[in-house]
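*Asks:* coordinates only, sequence not included:
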């Protein structure tokens with residue numbers, strides 16, 4: 001299952017939410033337990049014309065699109081390290 005991890009800060013909202021102004025990363029889930037690490041430097045540098053303000057993050061979203069059927073995923077142990 002392919003899902004997208006989206007992260008944005010308050011400035012992204014003020015910029016009218018353009019795609020290039022946020023962090024998006026596609027993650028491929030395999031059956032069973034999965035583990036992913038995302039670098040904060042990668043998040044900070046994701047917006048095309050600025051640095052994301054890591055002190056003003058307002059949304060972390062994990063979503064899938066164009067599913068042919070309902071899928072349940074369970075998210076556990078999300079942490080900032």
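*Replies:* Structure received. Since this is a predicted model, take the numbers as computed values, not measurements. Numbering: from 1, shown residues only.
*Asks:* Pull the number of nearby residues for residue 81.
*Replies:* 4 (other Cβ atoms under 10 Å). Where you see a C-beta, it was placed from the backbone N, CA and C, and this is true even at glycine.
*Asks:* What separation is there between it and residue 27?
*Replies:* 17 Å (Cβ to Cβ, to the nearest Å).
*Asks:* List the residues that contact the closest residue to residue 28 other than its chain neighbours.
*Replies:* Spatial nearest neighbour of residue 28, excluding adjacent residues (Cβ to Cβ, 6 or more residues apart in numbering): residue 2 at 5.5 Å. Residues near residue 2 by Cβ atoms under 8 Å, 6 or more residues apart in numbering: 26-29, 64.
*Asks:* Among those residues, which one lies nearest to residue 40?
*Replies:* Using Cβ to Cβ, residue 27 is the member of the contacts of residue 2 that sits closest to residue 40, with 16.5 Å.
*Asks:* beta partners of that closest one?
*Replies:* In this entry, residue 27 is beta-bridged to residue 3, by DSSP bridges.
*Asks:* what number of residues lie near it?
*Replies:* By other Cβ under 10 Å, 14 other residues sit near residue 27.
*Asks:* if we can go back for a sec, could you measure the residue nearest to residue 28 against residue 24, distance?
*Replies:* In terms of Cβ to Cβ, residue 2 sits 12 Å off from residue 24.
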